[in-house]
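A structural model of the following input is requested.
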Amino acid sequence: IDDLSNIFEETKDFLFVNVHIREGEKLTPEECEKSYDMAINFYKSRGYKFSTVVFVCYSWLLSPNLKNILPEESNIIKFQEKYTFFSSNLNEENPQIIERVFGNKSENIEDWEEDTSLQRKLKEEWKKGMRFPMTKGYFIKKI
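From the prediction side, this is the model:
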């Protein structure tokens, strides 16, 4: 958050962009960069003037505990590395990660599929009590 305060003191020409990850889209670093650039170009083409973009994301994909179950070369981990985390929702009643990874909202852990390595690892760690909360993060890009 200190980074944000410093930027706001330096300049008034900034843009906030809320990042939404569409289901089924590739999460490679290259595709993500392409999307960030598309967002910047979209606003520039409509006459917005800015020298700094603050990309903000609130997603299960930013859950810090994913680093405990995924390899470093995972696209999810590479996606996370761009962001500075600033808040997690530790009190989720129906964690979105369960719906997104397992395709359902079943509270019965035995109903959760184990077709992928992410599903297997997530289920295993969930049984041990690890949770994967929705997390907010940001990164700053100077134009």
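
Now the longest helix along the chain: buried residues?
Criterion DSSP state H: the longest helix present in the chain is helix 29-45. Within helix 29-45, the residues scored as buried using 16 or more other Cβ atoms under 10 Å are Cys32, Ser35, Tyr36, Ala39, Ile40. Every C-beta, even on glycine, is put in place using the N, C-alpha and C of the backbone.

for stretch 113-120, same thing?
Neighbour-count burial for stretch 113-120 [16+ other Cβ under 10 Å]: Leu118.

From one end of that stretch to the other, what's the distance?
8 Å (Cα to Cα, to the nearest Å).

for stretch 101-117, same thing?
Per Cα to Cα, stretch 101-117 runs 11 Å from first to last residue.

contact partners of that stretch?
Contacts with stretch 101-117, where a contact means Cβ atoms under 8 Å, 6 or more residues apart in numbering, come from Asn94, Ile98, Glu99, Leu118, Gln119, Arg120, Leu122, Lys123, Trp126, Lys127.

Identify the residues contacting the last one.
Spelled out, it's Lys127. Lys127 neighbours (Cβ under 8 Å, 6+ apart): Ile109.

And the helices in this protein, which stretches?
For the chain, helices defined by DSSP H occupy the ranges 2-10, 29-45, 75-81, 96-102, 117-127.

I'd like those helices as TSV, with distance to Ile140 appended.
Compiled in TSV, these are given as follows (distance: least, Cβ to Cβ, whole Å):
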stretch	distance to Ile140
helix 2-10	6
helix 29-45	12
helix 75-81	14
helix 96-102	26
helix 117-127	29
